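>>> Sequence first, then the predicted structure, then my questions.
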Amino acid sequence: MIKAAGVVLVLIAGTLIGFMQAARFARRPKQLRELAHGLQRLETEIGYGYTPLPEALSRVAAQTSEPVASMLLAPADAIMSGSGDDFQAGWEASIRAYGPRTALKAPELASLRRLGSILGMSDREDQLKHLKLAQQQLLAEESGARDDQARYEKLSRALGILLAALVVILIV
């Protein structure tokens, strides 16, 4: 009886691990697309609305879902609270805090870090150029993420189940 319960638990755990990894492959393109659209909205707020950066980030964050919304809202909150941090430090802290909660990989986070070093530090036209560049980089990464999703999503589900079955066979 205990052995059967252990077998079932190992199978369930392996299957869940495989499905969690598959979900990560599925979340990455969605988050990249959402982040690119958020940067496009930010570009509109800055370019056409002449909205101050913290307020623009707050508006964009309100239109996005978690964890991307928190990543965009944290630097705006840091500036609005008057904690003394400059925008770049708040942006970097936000990426460090919320980056691991996303499905984004190192190239996307590096692109966001580069963007944070420009936003709030240069004139409006330069910021718009860098926002457009970051959007293009994220959209390029999104196509790669879609390829990875198509290639590895089913594979990770199957591997989770098969590795759990292998563990069960080795144990029994």
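Looks like it arrived, so ask away.

>>> what's the helix or strand for the closest residue in space to Tyr98 that isn't next to it in sequence?
Distances taken as C-beta to C-beta, 6 or more residues apart in numbering place Met71 nearest to Tyr98, at 3.9 Å, with adjacent residues excluded. C-betas here are computed from N, CA, C, even on glycine. Using DSSP states H and E, Met71 maps to helix 68-80.

>>> Show me what counts as buried in that helix.
Residues of helix 68-80 classed as buried: Val68, Ala69, Ser70, Met71, Leu72, Leu73, Ala74, Pro75, Ala76, Asp77, Ala78, Ile79 (neighbour count, 16 or more other C-beta atoms under 10 Å).

>>> now do stretch 25-43
Buried residues in stretch 25-43, counted by 16+ other C-beta under 10 Å: 25, 27-29, 31-32, 34-43.

>>> now what about it, what contacts it?
Residues outside stretch 25-43 that contact it (C-beta atoms under 8 Å, 6 or more residues apart in numbering): 56-57, 59-61, 63-65, 68, 72, 102-105, 108, 112, 115, 128, 131-132, 134-135, 138-139, 141-142, 145-146, 148-149, 152-153, 156.

>>> Out of those residues, which end up buried?
Buried members of the contacts of stretch 25-43, counted by 16+ other C-beta under 10 Å: 56-57, 59-61, 64, 68, 72, 102-104, 108, 112, 115, 128, 131, 134-135, 138-139, 141-142, 145, 149, 153, 156.

>>> does Val168 sit in a helix or strand, and which one?
helix 124-171.

>>> And His130, what's its pLDDT?
The score at His130 is 87. That number is its pLDDT.

>>> show me what contacts it?
Arg114, Leu115, Ile118, Leu119, Ser122.

>>> Nearest to Leu163 among the buried residues of helix 68-80?
Nearest to Leu163, judged by C-beta to C-beta, of the buried residues of helix 68-80 is Val68 at 31.5 Å.

>>> host element of Phe25?
Using DSSP H and E, Phe25 falls within helix 2-47.

>>> That helix vs helix 124-171, what angle?
170 degrees (axes from the mean of the first three to the mean of the last three C-alpha atoms, to 10 degrees).

>>> I'd like the next helix or strand past helix 2-47.
In N-to-C order, the element after helix 2-47 by DSSP H and E is helix 53-62.

>>> How far off centre is that following helix?
Relative to its chain's centre, helix 53-62 lies at 17 Å (C-alpha atoms, centre = their mean, to the nearest Å).

>>> Check stretch 90-103 too.
Using C-alpha atoms, centre = their mean, the offset of stretch 90-103 from its chain centre is 9 Å.

>>> where are the low-confidence patches of the chain?
Counting by pLDDT under 70, the chain has low-confidence residues at 82-85.
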